[in-house]
Each structure stands twice: as C-alpha cells, then as structure tokens.
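# generate coordinates for the sequence data below:
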Amino acid sequence: MDIAFVIEKFVLVAIIFGISLLIAMYSTYAERKVAAFLQDRLGPDRAGPFGILQPLADGVKMFMKEEIIPSNASKWLFMVGPGLAMLTACIGTAVIPWGSDITIAGRVIPLQVTDINVGILYIFGVVSLGVYGVMIGGWASNNKYSLLSAIRAASQNISYEIAMGLSIIALLLVTGTMSLKEIVEQQHGWHWNVLYQPLGFLLFMICSFAETNRAPFDLPECETELIGGYHTEYSSMKLGFYLFAEYINMFVSSAVMATLYFGGYNYPGMDWVLLHTGPIIGPLIGTLVFFIKIFAFIFFFMWVRWTIPRFRYDQLMHLGWKGLIPLAIANIIITGIVIAIIEKF
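Next up is the predicted model:
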C-alpha cells in the first residue's frame, strides 16, 4: 500500500474530525446568539469580545465539574452510552465529498475519506446506530424518566427513518447511483436535485429534524415532562458528549442535505473559477461554498427551534406515519411515472 495514500487519508480524517468538533463547539455559541437575536436579547457577551470565547469557557466548565455515576446505574453501559453517541455522530463524515480533487506536486488528492458505491446506505446505517447511544444511556441510568426518554427516541427514530428512506428512493430513481461523489458531480451546472425533487427534499429535511432530536421534534429531551430526558443523570464531560453529539449530528445532516439536494461543492461559475485559480485554490473555493451551504442549514435548524413550539407525542407520530410516509410513497410513484414517460418519449 502507498504510504503517501495512508498519510493523505490520516490527515484528511484528522482535519474533518477537528472541523466537526470546532463547528459543534461554536454551534452552541451560535445557538444562543440566534436565540438572543430572535428574542431581542444580547446573548453571551462576557467571555471575550462578543462572547466569542464562551464555548471554551463551557468546555472548561464541563471538564471541571464533578463526575457523578448513580449508585444503582449499570456503570459500564452508563459510560459507554455517551461515547457511542459521539462515535456514531463523527463517523458519518467519512463518505461526504468535501470538495473536488486537489492537485499538489502532480498528485491528485480527493477531498473525501472514501467514495463507496453505497454511500447513502452507509449514512443510513450510521444514522440508525445513533439511537443506541441514547437508548443505552437512558436504560443504564436506572431512572424512569431517562428510560421513557430513550423509548421515545427509539420509536421516533424508527418512525422517521422509514419516511427518510422512502424520500431517498425517489432521488435514487433520478440519479441512478448511491455514490455521494457521483450524485454531486451530476448536479454540476445548476442541475441541483432540489429542482427535480422538491417534495423529496422537504420530506428529507423534516425527517432530519426528527433524527437529530431537534425542536419541534425534541420529545426525548422534553424538560416539561422528562426533567432532562435520557441524559438526566449525566454530568461533567459525559453530558458534554451527548450535547456535542447532537450538534455534530446537525452538522452532518446539513452536509448530507447540501450534498444530495443543493449541489454539494458546486456553484454558479465554478468552471471559470477553476480555470483562473488553479488546481489548489479552485477546489478550496468549492469547499468554502459547501460550508456556506452547511452553515445556512445549521442556521435554519436554529431558526426553527426558536420559532415553532414542540409537538405533542401523538402529533409527532401522526405526522410521521399518516403524513410523511404516504407523501413519500406518492413521491416515488410520481417520480417513477415521470421518468418512464421521459424515457419513452
């Protein structure tokens, strides 16, 4: 095996992991600043200029707080839960294409850890595993509120994964591939999939809110009913892991939506920019555009949280099973008919 290839991948994994943690850190800051803006407040403004050092202060606080494990908890699983939540949140970034290939000293370096031909299935597999961290943490706490929260999270994830999977089937009918790299390349030149699959995108986005346990689908953490949800008994950095995992999941969901429906790293005038900026700066501009799209989705996640009230649990299940799933099936049928007509004539 080429040692340079191993080094490239190791460096890329380290950079993506670092960026994921950095974005998760400053998403907590952005969340409070967006909430403050929408509620006509200032938000964090004590730690550094404009409160920019607030995430660092929060990190130090999490590390310095007392570590408490309930005496009746299943101690090993209690510790495994937060780690599993973080692991499944981070590994979803492996198949996302972060930019077009960079050429350095005659060597072509892809800005993607791995391009597997079942990339979408990999994403769904990782998303499905994510609920285990919540389930294990809720069950191991030996707290009835935490257990109720874990059960809610599991049923919510299962319900909305079905609608999410069905919404993707219509996209696969259009693209004919499950490789995220190929899907992005097909969207070059304003052929963004959101123009061909607007209903599929809407369904996928709503399911993403439910899969990441974000408001108005944050029933597993419903403080009015369940104290703090599945992480009620957690403190110190174990609690920090659960909170970090939520923000990393939000980041990965935003990246997947931008990749599947909004062209990924493609943007208007991309060919002209690549021609005039060279094989290094050009692809990095595409990566910058990709991150701008991701940040726009993250802002939308936050905007919705501070705008729409939380659903009741029966409303959440009603929407998932009686609303989104029938719409997703109808979208598949309509897409199939349209494709058949186009191919025929």
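# where are the low-confidence patches of the stretch 151-300 of the chain?
By pLDDT under 70, the low-scoring segments of the stretch 151-300 of the chain are 223-224, 226.
# can you rerun that using 80?
220-229 (pLDDT under 80).
# all helices of it, in order?
Taking DSSP state H, counting those that start in this stretch as the criterion, the stretch 151-300 of the chain contains helices spanning 180-186, 193-196, 198-211, 223-226, 236-261, 270-305.
# let me know the next secondary structure element after the last one.
This means helix 270-305. Heading C-terminal from helix 270-305, the first helix or strand you meet, by DSSP states H and E, is helix 313-318.
# list the buried ones in that next one?
Across helix 313-318, burial judged by 16 or more other CB atoms under 10 Å covers 316, 317. All C-beta atoms are positioned from the backbone trio N, CA, C, and that covers glycine.
# what lies in contact with that helix?
152, 155, 156, 159, 210, 217, 219 (CB atoms under 8 Å, 6 or more residues apart in numbering).
# please name the nearest non-neighbouring residue to the residue nearest the centre of the chain.
The centroid of the chain falls nearest to residue 253 when counting by CA atoms, centre = their mean (2.3 Å). Computed as CB to CB, 6 or more residues apart in numbering, the closest residue to residue 253 that is not its neighbour in sequence is residue 208, at 4.4 Å.
# could you do residue 26 as well?
The shortest distance from residue 26 to any non-neighbouring residue, by CB to CB, 6+ apart, is to residue 55 (5.7 Å).
# quick check: the one you found vs residue 27, distance?
Per CB to CB, to the nearest Å, residue 55 is found 9 Å from residue 27.
# CA-only coordinates of stretch 86-94 in PDB, if you can.
Provided in PDB are the C-alpha atoms of stretch 86-94 (Å, rounded to 0.1, in the frame of the first residue of the first chain):
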ATOM      1  CA  MET A  86     -20.100  10.700  19.800                       C
ATOM      2  CA  LEU A  87     -18.700   7.900  17.700                       C
ATOM      3  CA  THR A  88     -21.800   7.400  15.500                       C
ATOM      4  CA  ALA A  89     -22.100  11.200  15.100                       C
ATOM      5  CA  CYS A  90     -18.500  11.500  13.900                       C
ATOM      6  CA  ILE A  91     -18.200   8.500  11.500                       C
ATOM      7  CA  GLY A  92     -20.900   9.800   9.200                       C
ATOM      8  CA  THR A  93     -18.500  12.300   7.700                       C
ATOM      9  CA  ALA A  94     -16.400   9.600   6.100                       C
END
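# which residues does the helix or strand harbouring residue 60 contact?
Assigned by DSSP H and E, residue 60 belongs to helix 54-64. Contact with helix 54-64 is made by 25-26, 28-29, 32, 44, 46-48, 236-237, 239-240, as judged by CB under 8 Å, 6+ apart.
# at 7 Å what do you get?
The contact list for helix 54-64 (CB atoms under 7 Å, 6 or more residues apart in numbering) reads 25, 26, 28, 29, 44, 47, 236, 237, 240.
# with just CA atoms, put that helix into PDB.
Extracted as PDB, the C-alpha positions of helix 54-64 are listed here (Å, rounded to 0.1, in the frame of the first residue of the first chain):
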ATOM      1  CA  GLN A  54     -17.900  31.200  25.500                       C
ATOM      2  CA  PRO A  55     -17.600  27.700  24.100                       C
ATOM      3  CA  LEU A  56     -14.100  27.400  25.600                       C
ATOM      4  CA  ALA A  57     -15.500  28.500  29.000                       C
ATOM      5  CA  ASP A  58     -18.200  25.900  28.700                       C
ATOM      6  CA  GLY A  59     -15.700  23.200  27.800                       C
ATOM      7  CA  VAL A  60     -13.500  24.000  30.800                       C
ATOM      8  CA  LYS A  61     -16.700  24.000  33.000                       C
ATOM      9  CA  MET A  62     -17.700  20.600  31.700                       C
ATOM     10  CA  PHE A  63     -14.200  19.100  32.400                       C
ATOM     11  CA  MET A  64     -14.000  20.600  35.800                       C
END
